[in-house]
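Colleague: Build the 3D model from these lines:
(2 chains)
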Amino acid sequence: AQRVTQPEKLLSVFKGAPVELKCNYSYSGSPELFWYVQYSRQRLQLLLRHISRESIKGFTADLNKGETSFHLKKPFAQEEDSAMYYCALSNAGGTSYGKLTFGQGTILTVHP
Amino acid sequence: DVKVTQSSRYLVKRTGEKVFLECVQDMDHENMFWYRQDPGLGLRLIYFSYDVKMKEKGDIPEGYSVSREKKERFSLILESASTNQTSMYLCASSLTYGGGNQPQHFGDGTRLSIL
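Modeller: Numbers count the residues shown, from 1 in each chain, chains lettered A, B, ... in the order given. All right, here's what the predicted structure looks like:
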(Lines give C-alpha, C1' and ligand atoms only; values in the text may rest on other atoms or scores of the structure.)
Protein backbone atom coordinates (compact mmCIF):
# COMPACT_ATOMS: atom_id res chain seq x y z
CA ALA A 1 0.00 0.00 0.00
CA GLN A 2 1.15 3.52 -0.66
CA ARG A 3 1.23 6.16 2.01
CA VAL A 4 2.08 9.85 2.26
CA THR A 5 2.91 11.44 5.60
CA GLN A 6 3.11 15.13 6.37
CA PRO A 7 4.24 15.24 9.98
CA GLU A 8 3.32 18.89 10.63
CA LYS A 9 -0.35 19.89 10.75
CA LEU A 10 0.59 23.52 11.38
CA LEU A 11 3.69 25.49 10.50
CA SER A 12 4.28 29.13 11.37
CA VAL A 13 7.14 31.30 10.16
CA PHE A 14 7.86 35.00 9.86
CA LYS A 15 8.05 36.79 6.54
CA GLY A 16 11.51 36.47 5.02
CA ALA A 17 12.38 33.32 6.94
CA PRO A 18 13.12 30.03 5.19
CA VAL A 19 10.35 27.47 5.19
CA GLU A 20 10.36 23.70 4.70
CA LEU A 21 7.22 21.58 4.57
CA LYS A 22 8.03 17.94 5.11
CA CYS A 23 6.66 15.03 3.12
CA ASN A 24 7.61 11.37 3.44
CA TYR A 25 6.18 8.53 1.45
CA SER A 26 6.16 4.77 1.30
CA TYR A 27 5.64 3.04 -2.01
CA SER A 28 7.08 -0.13 -3.45
CA GLY A 29 6.98 0.98 -7.08
CA SER A 30 8.29 4.01 -8.94
CA PRO A 31 6.62 7.11 -7.48
CA GLU A 32 5.66 10.42 -8.95
CA LEU A 33 5.32 13.18 -6.36
CA PHE A 34 3.31 16.38 -6.37
CA TRP A 35 2.64 19.36 -4.16
CA TYR A 36 -0.85 20.87 -4.26
CA VAL A 37 -1.83 24.14 -2.59
CA GLN A 38 -5.14 25.60 -1.46
CA TYR A 39 -5.21 29.33 -0.71
CA SER A 40 -8.03 30.78 1.35
CA ARG A 41 -11.34 30.62 -0.53
CA GLN A 42 -9.69 29.16 -3.64
CA ARG A 43 -9.76 25.73 -5.16
CA LEU A 44 -7.01 23.19 -4.70
CA GLN A 45 -4.39 23.56 -7.42
CA LEU A 46 -1.13 22.03 -8.48
CA LEU A 47 1.95 23.82 -7.19
CA LEU A 48 4.69 21.63 -8.61
CA ARG A 49 5.61 18.07 -9.59
CA HIS A 50 8.97 16.44 -9.18
CA ILE A 51 9.46 15.47 -12.81
CA SER A 52 9.24 19.11 -13.88
CA ARG A 53 12.23 20.07 -11.73
CA GLU A 54 11.14 23.68 -11.77
CA SER A 55 10.67 26.41 -9.19
CA ILE A 56 7.13 27.74 -8.82
CA LYS A 57 6.52 30.91 -6.77
CA GLY A 58 10.01 30.43 -5.32
CA PHE A 59 9.24 26.91 -4.08
CA THR A 60 11.34 23.89 -4.95
CA ALA A 61 11.09 20.24 -4.01
CA ASP A 62 13.57 17.44 -4.62
CA LEU A 63 12.66 13.80 -4.64
CA ASN A 64 15.03 11.88 -2.37
CA LYS A 65 14.45 8.20 -3.05
CA GLY A 66 16.96 7.14 -0.42
CA GLU A 67 15.09 8.97 2.33
CA THR A 68 11.70 8.56 0.59
CA SER A 69 11.06 12.26 1.00
CA PHE A 70 9.79 15.14 -1.10
CA HIS A 71 10.13 18.20 1.10
CA LEU A 72 8.91 21.58 -0.14
CA LYS A 73 11.28 24.51 0.42
CA LYS A 74 11.37 28.23 -0.03
CA PRO A 75 14.29 30.39 1.09
CA PHE A 76 12.27 33.52 1.92
CA ALA A 77 8.62 33.07 2.86
CA GLN A 78 6.02 35.68 1.90
CA GLU A 79 2.68 36.41 3.55
CA GLU A 80 0.88 35.31 0.38
CA ASP A 81 2.35 31.83 0.83
CA SER A 82 -0.04 31.24 3.72
CA ALA A 83 -2.19 28.31 2.64
CA MET A 84 -2.90 24.60 3.06
CA TYR A 85 -0.30 22.44 1.35
CA TYR A 86 -0.78 18.80 0.37
CA CYS A 87 1.85 16.35 -0.76
CA ALA A 88 0.55 13.66 -3.12
CA LEU A 89 1.89 10.49 -4.74
CA SER A 90 1.02 8.56 -7.86
CA ASN A 91 2.36 5.58 -9.75
CA ALA A 92 4.94 6.92 -12.22
CA GLY A 93 4.07 4.23 -14.71
CA GLY A 94 0.79 5.93 -15.41
CA THR A 95 -1.17 2.72 -15.07
CA SER A 96 -3.26 4.04 -12.21
CA TYR A 97 -5.13 6.64 -14.30
CA GLY A 98 -3.44 9.41 -12.37
CA LYS A 99 -4.91 8.30 -9.07
CA LEU A 100 -3.35 10.23 -6.20
CA THR A 101 -2.71 9.42 -2.57
CA PHE A 102 -2.64 12.59 -0.49
CA GLY A 103 -0.98 13.40 2.80
CA GLN A 104 -2.84 14.91 5.70
CA GLY A 105 -1.93 18.46 4.74
CA THR A 106 0.08 21.24 6.41
CA ILE A 107 -1.34 24.68 7.13
CA LEU A 108 1.40 27.24 6.58
CA THR A 109 1.02 30.65 8.19
CA VAL A 110 3.50 33.39 7.34
CA HIS A 111 3.42 36.23 9.85
CA PRO A 112 4.35 39.80 8.88
CA ASP B 1 -8.35 27.03 -18.65
CA VAL B 2 -9.87 23.85 -17.28
CA LYS B 3 -13.17 24.32 -15.56
CA VAL B 4 -14.48 21.78 -13.07
CA THR B 5 -17.86 22.78 -11.78
CA GLN B 6 -19.62 21.28 -8.79
CA SER B 7 -23.33 21.90 -8.72
CA SER B 8 -23.60 23.14 -5.12
CA ARG B 9 -21.23 24.95 -2.76
CA TYR B 10 -23.31 24.14 0.31
CA LEU B 11 -25.86 21.40 0.86
CA VAL B 12 -27.85 20.38 3.92
CA LYS B 13 -29.63 17.04 3.96
CA ARG B 14 -31.23 14.74 6.51
CA THR B 15 -30.13 11.34 7.70
CA GLY B 16 -31.40 8.58 5.46
CA GLU B 17 -31.90 10.78 2.39
CA LYS B 18 -30.42 9.85 -0.97
CA VAL B 19 -28.02 12.62 -1.95
CA PHE B 20 -26.61 13.45 -5.36
CA LEU B 21 -23.48 15.53 -5.88
CA GLU B 22 -22.81 16.56 -9.45
CA CYS B 23 -19.56 17.45 -11.18
CA VAL B 24 -18.99 18.64 -14.73
CA GLN B 25 -15.71 19.31 -16.54
CA ASP B 26 -15.32 21.08 -19.84
CA MET B 27 -11.95 19.85 -21.09
CA ASP B 28 -12.75 16.38 -22.39
CA HIS B 29 -10.74 14.73 -19.62
CA GLU B 30 -10.90 10.96 -19.42
CA ASN B 31 -10.36 10.66 -15.67
CA MET B 32 -12.61 11.99 -12.95
CA PHE B 33 -12.34 11.65 -9.19
CA TRP B 34 -14.35 12.19 -6.02
CA TYR B 35 -12.58 12.95 -2.75
CA ARG B 36 -13.68 13.93 0.70
CA GLN B 37 -11.59 16.43 2.60
CA ASP B 38 -11.55 16.28 6.39
CA PRO B 39 -9.28 18.21 8.81
CA GLY B 40 -6.30 16.13 9.86
CA LEU B 41 -7.10 13.41 7.33
CA GLY B 42 -6.30 15.22 4.11
CA LEU B 43 -8.04 14.16 0.92
CA ARG B 44 -9.28 10.61 0.66
CA LEU B 45 -10.34 9.08 -2.62
CA ILE B 46 -13.89 7.75 -2.69
CA TYR B 47 -14.28 6.65 -6.32
CA PHE B 48 -12.76 7.43 -9.67
CA SER B 49 -13.64 6.87 -13.29
CA TYR B 50 -11.30 6.52 -16.25
CA ASP B 51 -13.94 6.38 -18.98
CA VAL B 52 -17.66 6.60 -19.55
CA LYS B 53 -19.49 3.96 -17.54
CA MET B 54 -16.21 2.80 -15.99
CA LYS B 55 -15.59 3.23 -12.29
CA GLU B 56 -13.26 1.97 -9.62
CA LYS B 57 -13.38 2.10 -5.86
CA GLY B 58 -11.00 4.37 -4.06
CA ASP B 59 -9.91 4.10 -0.46
CA ILE B 60 -13.25 4.84 1.24
CA PRO B 61 -16.12 3.76 -1.05
CA GLU B 62 -18.46 2.45 1.66
CA GLY B 63 -21.78 4.23 1.67
CA TYR B 64 -21.18 5.85 -1.73
CA SER B 65 -21.77 5.04 -5.37
CA VAL B 66 -21.02 6.90 -8.58
CA SER B 67 -22.36 7.32 -12.07
CA ARG B 68 -20.66 8.38 -15.27
CA GLU B 69 -23.05 8.27 -18.18
CA LYS B 70 -21.35 11.05 -20.12
CA LYS B 71 -17.68 11.89 -20.35
CA GLU B 72 -18.05 15.36 -18.88
CA ARG B 73 -20.21 14.44 -15.89
CA PHE B 74 -19.40 12.41 -12.79
CA SER B 75 -21.98 12.03 -10.04
CA LEU B 76 -21.44 10.96 -6.45
CA ILE B 77 -24.39 9.34 -4.72
CA LEU B 78 -24.89 8.87 -1.01
CA GLU B 79 -27.36 6.00 -0.94
CA SER B 80 -28.62 6.69 2.58
CA ALA B 81 -26.92 9.70 4.10
CA SER B 82 -25.48 9.44 7.59
CA THR B 83 -24.03 12.07 9.90
CA ASN B 84 -20.51 10.71 9.45
CA GLN B 85 -20.73 11.69 5.80
CA THR B 86 -20.78 15.36 6.74
CA SER B 87 -17.70 16.68 4.96
CA MET B 88 -16.25 18.74 2.14
CA TYR B 89 -16.45 16.86 -1.15
CA LEU B 90 -14.05 17.66 -3.98
CA CYS B 91 -14.33 16.61 -7.59
CA ALA B 92 -11.30 16.54 -9.90
CA SER B 93 -10.49 15.61 -13.46
CA SER B 94 -7.34 14.83 -15.40
CA LEU B 95 -6.16 13.90 -18.84
CA THR B 96 -4.67 10.56 -19.80
CA TYR B 97 -1.67 11.44 -21.90
CA GLY B 98 1.34 9.47 -23.02
CA GLY B 99 1.09 6.97 -20.17
CA GLY B 100 2.19 9.58 -17.66
CA ASN B 101 0.32 11.26 -14.84
CA GLN B 102 -1.27 14.56 -15.69
CA PRO B 103 -2.18 17.07 -12.98
CA GLN B 104 -5.63 16.88 -11.49
CA HIS B 105 -7.89 19.93 -11.77
CA PHE B 106 -10.26 20.51 -8.87
CA GLY B 107 -13.67 22.03 -8.41
CA ASP B 108 -14.56 24.47 -5.65
CA GLY B 109 -15.98 21.76 -3.45
CA THR B 110 -19.37 21.01 -1.92
CA ARG B 111 -19.72 21.36 1.82
CA LEU B 112 -22.30 18.77 2.76
CA SER B 113 -23.98 18.69 6.16
CA ILE B 114 -26.09 15.73 7.18
CA LEU B 115 -28.46 16.48 10.05
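Colleague: which residues of chain B fall in strands?
Modeller: With DSSP state E, the ranges of strands along chain B come out as B:4-6, B:10-13, B:19-25, B:31-38, B:42-51, B:54-57, B:64-70, B:73-78, B:87-94, B:96-97, B:100-101, B:105-106, B:110-114.
Colleague: Can you lay out those strands as a markdown table showing mean neighbour count?
Modeller: Yep, even glycine has a C-beta here, placed from its N, CA and C like the rest. What follows is the strands of chain B, written out as a markdown table (neighbours: other CB atoms under 10 Å in any protein chain shown):
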| stretch | mean neighbour count |
| --- | --- |
| strand B:4-6 | 20 |
| strand B:10-13 | 13 |
| strand B:19-25 | 19 |
| strand B:31-38 | 24 |
| strand B:42-51 | 21 |
| strand B:54-57 | 14 |
| strand B:64-70 | 16 |
| strand B:73-78 | 20 |
| strand B:87-94 | 24 |
| strand B:96-97 | 14 |
| strand B:100-101 | 21 |
| strand B:105-106 | 23 |
| strand B:110-114 | 18 |
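Colleague: Which of those comes out lowest on mean pLDDT?
Modeller: Considering those one by one, the lowest average pLDDT is found for strand B:100-101, at a mean of 64.
Colleague: related to what we said a few turns ago, tabulate the strands of chain B (JSON lines), appending distance to residue A:48.
Modeller: Formatted as JSON lines, these follow (distance: least, CB to CB, whole Å):
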{"stretch": "strand B:4-6", "distance to residue A:48": "20"}
{"stretch": "strand B:10-13", "distance to residue A:48": "31"}
{"stretch": "strand B:19-25", "distance to residue A:48": "22"}
{"stretch": "strand B:31-38", "distance to residue A:48": "20"}
{"stretch": "strand B:42-51", "distance to residue A:48": "17"}
{"stretch": "strand B:54-57", "distance to residue A:48": "27"}
{"stretch": "strand B:64-70", "distance to residue A:48": "30"}
{"stretch": "strand B:73-78", "distance to residue A:48": "26"}
{"stretch": "strand B:87-94", "distance to residue A:48": "16"}
{"stretch": "strand B:96-97", "distance to residue A:48": "18"}
{"stretch": "strand B:100-101", "distance to residue A:48": "13"}
{"stretch": "strand B:105-106", "distance to residue A:48": "15"}
{"stretch": "strand B:110-114", "distance to residue A:48": "27"}
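Colleague: so who does residue A:60 touch?
Modeller: With contact taken as CB atoms under 8 Å, 6 or more residues apart in numbering or on different chains, residue A:60 is in contact with A:48, A:72, A:73, A:74.
Colleague: Okay, and it sits in which element?
Modeller: strand A:60-61 (DSSP states H and E).
Colleague: quick one: is the following helix or strand past that strand near chain B?
Modeller: Following strand A:60-61 in sequence order, the next helix or strand is strand A:72-74 (DSSP H and E). No: Strand A:72-74 lies apart from chain B when judged by CB under 8 Å from any CB of the partner chain; the minimum separation is 15.0 Å.
Colleague: Good, wrapping up.
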